[in-house]
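Chemist: Sharing a sequence plus its predicted fold:
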Amino acid sequence: MGATKAGTDGQLNEREITALIDGSHRDPFARLGLQKAGKGWVARAVVPGAERVRATTLAGAAVGDLKRHAETRFFE
């Protein structure tokens, strides 16, 4: 059974990130993709084999690179 609660500021704790990476999170779609975080937004993804993930608009314009979490396949 994976974790389900993010911090009050929208940040994920290590336990929740681990559950997303290993596939045991109860509701990964509530934490992955574009999510409200505090007063802003955050994009999260689990991408096996990726060294870099870039967020883009629907029109294809680059928004920014997601930061890789500790050499895992989780990006935020």
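Modeler: Cool, the structure landed.

Chemist: Name every strand pairing with the worst-scoring helix or strand of the chain on mean pLDDT and say which way it goes.
Modeler: Least confident helix or strand, the chain: strand 33-37 with a mean of 92, by mean pLDDT, DSSP states H and E. Strand 33-37 has the following strand partners under DSSP bridges: strand 40-46 (antiparallel).

Chemist: Moving C-terminal from the strand it pairs with, which element do we reach first?
Modeler: strand 53-56 (DSSP states H and E).

Chemist: Quick check: which helices or strands does that next one pack against?
Modeler: Counting contacts by 3 or more Cβ pairs under 8 Å, 6 or more residues apart in numbering; DSSP states H and E, strand 53-56 is packed against strand 62-66. All C-beta atoms are positioned from the backbone trio N, CA, C, and that covers glycine.

Chemist: Identify the residues contacting the strand it packs on?
Modeler: The contact list for strand 62-66 (Cβ atoms under 8 Å, 6 or more residues apart in numbering) reads 43-45, 52-57, 75-76.

Chemist: Apply 10 Å and report the result again.
Modeler: 42-45, 47, 50, 52-57, 74-76 (Cβ atoms under 10 Å, 6 or more residues apart in numbering).

Chemist: That one relative to strand 40-46, how many degrees between them?
Modeler: When axes from the mean of the first three to the mean of the last three Cα atoms, to 10 degrees is applied, the directions of strand 62-66 and strand 40-46 differ by 60 degrees.

Chemist: Give me the pLDDT for the residue lying farthest from the centre of the chain.
Modeler: Going by Cα atoms, centre = their mean, the residue of the chain most distant from its centre is residue 59, 21.6 Å out. For residue 59, the pLDDT comes out at 98.

Chemist: Confirm residue 21 sits in a helix?
Modeler: Yes - assessed with DSSP: H, G, I helix; E, B strand; the rest coil, residue 21 lies in a helix.

Chemist: so it makes contact with residue 76?
Modeler: No - with contacts counted by Cβ atoms under 10 Å, residue 21 stays clear of residue 76, the gap being 11.7 Å.
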